[in-house]
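Colleague: The amino acid sequence is not available; the structure is as follows:
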């Protein structure tokens, strides 16, 4: 039996704009994935929950300009948890010019506000098939 | 999918089926005096003033704020110099959550999504050199922090020599904005939130006569996915919840506080439906105030509202297209008779607005006001078969939704049970599925897409040092002020909060002694139960 892809969807920090995270959660669930919707959490808590819940993907939704600092903290916390095979996908108010830098830092995919949800679903599926073939 | 085959081609944006053409038969029951009347006359469908924009153009009120109070002050001056006619202040997530900038939870977010204000000192800096005796201000924050930030604004005004009897503006103070649409960490349960909000209304109605201490913000319900009639149904159910809380206290009569209530609606993409919605809202408010509460004062019966263009309709793809969406939305708001308008900026899917983005938003409004002649005639669409039919239809559906909320127990019940949260989530999912399937077309997203982004636009970045600067400032403030006095004021606030008296006089004393926002909210956190927002997702 095929195991379902597990996703942790979180908003690092305390900004309360949840709509994007909810929309992507619904799209991934519609595509058959299991999504834990965590809401607001500190970067360190996100990394801990990701490990505890044994997720394949961490989705981070950020709409409040502090994205570089917040994402770096999440990536660092994941490293400290010795996570290697969790994909990190970011969405929200992210300027195009920041995307290359985020990828260098270790973010797998970036989807700014208004992205097609089917592209996000497709991206996650592709990541998962790469992961399987590399096992 | 061809456009003619989509649902959009035969329905409104809120999925109301529409015919190819409308004729007198569609409004057979129409009675001019009963349903419309003249502008400025009951039932106010056509507008709340007899001469509408000839008397006063709508206020250009651009919501903004970022980084430190000094930097926001500069932006406010830039907007004012370029013809903005009303101020509106946007706070960062730290302030909206009622935390101080040196709180560990604030570490990455001070000044990022709005301006950081944690004391009267910061509020004084934001408005330094601005003519707040002539220009009104909207203080837009969570319900949770509305009383304290309003108090800081009032204390700032008094220090500048503008008395409470003269100070003019609005507090958002809406029940749902930050519990339904945005989350607030670490706040108290709805009955206590309601009490604090109604305290602000009650006190302002008596002490600050030109202040609108609440602006029921269905803009935010709409942005969270609701459709046009849900927007109005929820709006009036919430207003009723506040009104009944005040009437229950037996301190004020309906006409003592009816005139200070105000509203903040969305202008979404369906042009005619949005205009119909604004017209329906005026008629509904009139009926509610007159028939349910027996209000007599014309100011209680008149529905005063601000409109914001719909942020959720803006996308990052072909980003300049947003300025076209914005112009149509501003036009709908103006034809709908709004008292003030915020035009978002085209670059908001990418960043906080740049100076140029904000300038274009102000100019978009000025071009509508000065070049198109739309301001010459009140309710120019009144009498159109389609417009009158659609106004009736939106009203009918909004009353049904309003009644459903009443049937479920009203504001507090649907707020606490999570029913309202589920309604909004369902509506949001439905809209998203329509976009994904192509039933709803979005240019640049699911039609007329381009592989390469054609527009390269500048990006605004709020000062990355904001956290350190603001945290240092608040630490210094705590050293320099009279801490004995602050302690007394906070203890007094605690006593008054427990007693059930109106908290505002004690709150005013606390902010004047430079108690910080975090300290004030902590008083309430320490005496009221913490609320976990019922979002099951």
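Modeller: Everything's here; your move. These numbers come from a predicted model, not from an experiment.
Colleague: outside of the longest helix seen in chain B, which residues touch it?
Modeller: Criterion DSSP state H: the longest helix present in chain B is helix B:385-407. With contact meaning C-beta atoms under 8 Å, 6 or more residues apart in numbering or on different chains, helix B:385-407 is reached by B:12, B:14, B:16, B:18, B:22-24, B:26-27, B:30, B:35-36, B:45, B:228-234, B:236-237, B:240, B:272-273, B:275-277, B:279-280, B:283-284, B:381-382, B:411, B:414, B:420. Bear in mind the C-beta positions are built from the backbone N, C-alpha and C, glycine included.
Colleague: for the closest residue to chain B within chain A, helix, strand, or coil?
Modeller: For chain A and chain B, the shortest gap (C-beta to the nearest C-beta) falls at residue A:114, measuring 2.8 Å. Put simply, residue A:114 is coil when judged by DSSP: H, G, I helix; E, B strand; the rest coil.
Colleague: Can you report how many residues lie near it?
Modeller: Applying other C-beta atoms under 10 Å in any protein chain shown, we find 21 residues neighbouring residue A:114.
Colleague: How is the residue positioned nearest the centre of chain A classified with respect to secondary structure?
Modeller: Geometric centre of chain A, nearest residue: residue A:59, 1.7 Å, by C-alpha atoms, centre = their mean. Classification of residue A:59 using three-state DSSP returns strand.
Colleague: what about the one residue in chain B that gets nearest to chain A, how many neighbours?
Modeller: For chain B, the residue closest to chain A is residue B:315, as judged by C-beta to the nearest C-beta, at 2.8 Å. When neighbours are counted by other C-beta under 10 Å, residue B:315 registers 21.
Colleague: where exactly do the strands run in the chain?
Modeller: With no chain named, the answer covers chain A. With strands called from DSSP state E, chain A shows them at A:6-12, A:34-41, A:57-62, A:87-92, A:109-112.
Colleague: wrong chain, I was asking about chain B
Modeller: Applying DSSP E to chain B gives strands spanning B:59-64, B:86-90, B:137-140, B:169-171, B:187-188, B:211-212, B:214-216, B:261-267, B:305-309, B:340-342, B:530-531.
Colleague: what would those look like in CSV with mean neighbour count, distance to chain A and mean pLDDT?
Modeller: Formatted as CSV, the strands of chain B follow (neighbours: other C-beta atoms under 10 Å in any protein chain shown; distance: least, C-beta to the nearest C-beta, whole Å; pLDDT from 0 to 100):
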stretch, mean neighbour count, distance to chain A, mean pLDDT
strand B:59-64, 23, 13, 97
strand B:86-90, 24, 11, 98
strand B:137-140, 26, 14, 97
strand B:169-171, 26, 18, 98
strand B:187-188, 23, 10, 90
strand B:211-212, 26, 24, 98
strand B:214-216, 27, 18, 97
strand B:261-267, 26, 13, 98
strand B:305-309, 27, 15, 98
strand B:340-342, 26, 17, 98
strand B:530-531, 14, 14, 91
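Colleague: Dump those to TSV, plus distance to residue A:38.
Modeller: Shown next, in TSV, are these (distance: least, C-beta to C-beta, whole Å):
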stretch	distance to residue A:38
strand B:59-64	29
strand B:86-90	26
strand B:137-140	27
strand B:169-171	32
strand B:187-188	18
strand B:211-212	37
strand B:214-216	30
strand B:261-267	28
strand B:305-309	29
strand B:340-342	32
strand B:530-531	18
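Colleague: hey, what's the residue nearest to the centre of chain A bridged with?
Modeller: As for beta bridges, residue A:59 partners with residue A:9, residue A:89 under DSSP bridges.
Colleague: got the contact list for residue 83?
Modeller: This is for chain A. Contacts of residue A:83 by C-beta under 8 Å, 6+ apart are A:47, A:50-51.
Colleague: other chain: chain B
Modeller: By C-beta under 8 Å, 6+ apart, residue B:83 lies in contact with B:60, B:362, B:366.
Colleague: Residue B:40: which of these is nearest?
Modeller: Residue B:40 has its nearest neighbour among the contacts of residue B:83 in residue B:60, at 22.4 Å by C-beta to C-beta.
Colleague: can you list the weak-confidence ranges in the stretch 101-250 of chain B?
Modeller: B:179-182 (pLDDT under 70).
Colleague: same thing but 50
Modeller: Applying pLDDT under 50 to the stretch 101-250 of chain B flags no residue at all.
Colleague: before we move on, back to that, tell me which residues of the longest helix of chain B come out buried.
Modeller: B:386-395, B:397-399, B:401-402, B:405-406 (16 or more other C-beta atoms under 10 Å in any protein chain shown).
Colleague: Likewise for stretch B:454-465?
Modeller: Result for stretch B:454-465 [16+ other C-beta under 10 Å]: buried residues B:457, B:460, B:462-463.
Colleague: and chain A, which of those reach it?
Modeller: Residues of the buried residues of stretch B:454-465 in contact with chain A (C-beta under 8 Å from any C-beta of the partner chain): residue B:462.
Colleague: can you put the buried residues of stretch B:454-465 in TSV and add pLDDT and distance to residue B:263?
Modeller: Shown next, in TSV, are the buried residues of stretch B:454-465 (pLDDT from 0 to 100; distance: C-beta to C-beta, whole Å):
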residue	pLDDT	distance to residue B:263
B:457	95	33
B:460	96	30
B:462	95	30
B:463	96	34
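Colleague: Between the buried residues of stretch B:454-465, which sits nearest residue B:142?
Modeller: For the buried residues of stretch B:454-465, the minimum distance to residue B:142 (C-beta to C-beta) is 19.6 Å, reached by residue B:462.
Colleague: The closest one contacts residue B:67, doesn't it?
Modeller: Yes. Here residue B:462 reaches residue B:67: they are 4.3 Å apart, a contact under C-beta atoms under 8 Å.
Colleague: Need the overlap of contacts for the two.
Modeller: Common neighbours of residue B:462 and residue B:67 (C-beta under 8 Å, 6+ apart) are residue B:111.
Colleague: which ones are touching the residue of chain B closest to chain A?
Modeller: A:113-114, B:321-322, B:349, B:442, B:444-445.
Colleague: how about 7 Å then?
Modeller: Neighbour list for residue B:315: A:113-114, B:349, B:442, B:444-445 [criterion: C-beta atoms under 7 Å, 6 or more residues apart in numbering or on different chains].
Colleague: measure it to residue B:322 for me?
Modeller: Distance from residue B:315 to residue B:322, counting by C-beta to C-beta, to the nearest Å: 7 Å.
Colleague: before we move on, back to that, give me the nearest residue to the residue of chain A closest to chain B, chain neighbours excluded.
Modeller: Nearest non-adjacent residue to residue A:114, counting by C-beta to C-beta, 6 or more residues apart in numbering or on different chains: residue B:315, 2.8 Å away.
Colleague: Could you pull up phi and psi at that neighbour?
Modeller: According to degrees, to the nearest 10, the main-chain angles of residue B:315 amount to phi -130, psi 160.
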